[in-house]
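**Student:** fold the following, please.
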Amino acid sequence: MLLAGLHGGRRFAEKNPENSFVVPFLAEAMPDAQFIHIIRDGRDAAVSHSEQPWLNAKSAGSGKRGRGGQLWGPAARWWVEPGRREDFAAVSDIVRSAWCWRRFTEAALDGLATLPAGKSIEVRYESVVSDPMRAADLLSGFLGTTPAGLDALRLAGCRTAYVDGSFVTAKESPGDFDVCWDARGVRASLLDPVLLIFYQGRALQKAKYGGEFFPAHFPADVSGITYLEFFQQDKHTNATKGIVALDLGGLP
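**Tutor:** Model prediction:
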């Protein structure tokens with residue numbers, strides 16, 4: 001949390017799977033927390049997990065440990081049901097991995113069921129992989145992300161940004177925004193790398209900041225037109241249109 005604040009971030013994410021067992025505690029300790037439950041098909045999860053050394057029988061005696069100090073191998077973990085610890089160590093690697101998936105998923109669902117409406121969202125892993133743009137839109141809507149990317153640009157030295165998208169149309173409830181930013185004076189070492197990641201439809205930008213960001217001088221298409229010029233063209237008629245210029249130095 002301290003690092004997030006020092007870097008100008010508005011929130012931080014913590015993805016330790018063991019959080020599944022302490023959702024009510026986390027919600028009480030951090031009342032503003034939001035919970036994203038990404039659930040994968042248990043069969044795929046079990047196969048993938050069994051290919052790792054953490055619970056595999058052949059890892060016994062290796063002396064290697066996980067993050068919490070737990071030795072790798074088939075020995076029962078703290079989350080195994082009382083009275084079934086010997087069973088856990090005796091089953092095959094794939095069954096042990098499926099057991100892990102079941103316990104963590106059950107704990108997460110039970111914990112999330114105690115939260116007020118709107119505090120959590122469930123997303124299928126398969127949907128994230130097959131349609132990352134839609135998943136990014138869904139998550140950004142749930143998180144209520146705003147143009148916080150403007151803060152990130154300002155911290156890196158950007159002085160001017162130009163806003164396009166439905167925020168500069170007559171839509172009563174605009175659903176997206178696009179930004180191109182003046183790179184003059186921007187210090188690359190201070191710039192959030194997410195603002196320079198453009199693949200998969202800027203899915204990472206949408207997930208983190210709720211919109212899409214482009215350097216103003218970058219070419220927008222094969223014709224060589226820059227994003228600043230592109231933003232000022234109506235995409236249906238090619239007529240010149242207005243956009244909004246923001247003086248980032250004057251923002252609160």
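**Student:** A strand includes residue 185, no?
**Tutor:** No. Residue 185 is assigned coil when assessed by DSSP: H, G, I helix; E, B strand; the rest coil, not a strand.
**Student:** show me the domain layout of this structure.
**Tutor:** Residue ranges for the domains of the chain, per automatic domain parsing: 2-130, 149-250.
**Student:** comparing those, which comes out most buried?
**Tutor:** domain 149-250 (a mean of 16; mean count of other C-beta atoms under 10 Å). C-beta: built from backbone N, CA, C; applies to glycine.
**Student:** all strands of this structure, in order?
**Tutor:** For the chain, the strands defined by DSSP state E cover 35-39, 120-124, 160-164, 178-181, 212-215, 244-247.
**Student:** direction included, what does the fourth one pair up with?
**Tutor:** The pairing partners recorded for strand 178-181 under DSSP bridges are strand 160-164 (antiparallel), strand 212-215 (parallel).
**Student:** not counting residues beside it along the chain, what's closest to residue 102?
**Tutor:** The shortest distance from residue 102 to any non-neighbouring residue, by C-beta to C-beta, 6 or more residues apart in numbering, is to residue 42 (6.9 Å).
**Student:** my read is that the one you found contacts residue 104, right?
**Tutor:** No. At 10.3 Å, residue 42 does not count as touching residue 104 under the criterion of C-beta atoms under 8 Å.
**Student:** name the residues contacting each of these two.
**Tutor:** With contacts taken as C-beta atoms under 8 Å, 6 or more residues apart in numbering, residue 42 and residue 104 have no neighbour in common.
**Student:** give me the low-pLDDT residue ranges for this structure?
**Tutor:** 1-11, 133, 145-147, 165-176, 250-252 (pLDDT under 70).
**Student:** would you map the helices across it?
**Tutor:** For the chain, applying DSSP state H gives helices covering 2-6, 23-29, 42-50, 85-90, 93-112, 125-130, 132-143, 149-155, 199-209, 227-231.
**Student:** dump the ones you listed to a markdown table, plus distance to residue 187.
**Tutor:** Converted to a markdown table, the helices of the chain look like this (distance: least, C-beta to C-beta, whole Å):
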| stretch | distance to residue 187 |
| --- | --- |
| helix 2-6 | 16 |
| helix 23-29 | 36 |
| helix 42-50 | 40 |
| helix 85-90 | 52 |
| helix 93-112 | 41 |
| helix 125-130 | 33 |
| helix 132-143 | 27 |
| helix 149-155 | 9 |
| helix 199-209 | 19 |
| helix 227-231 | 20 |
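**Student:** alright, that wraps it up for me.
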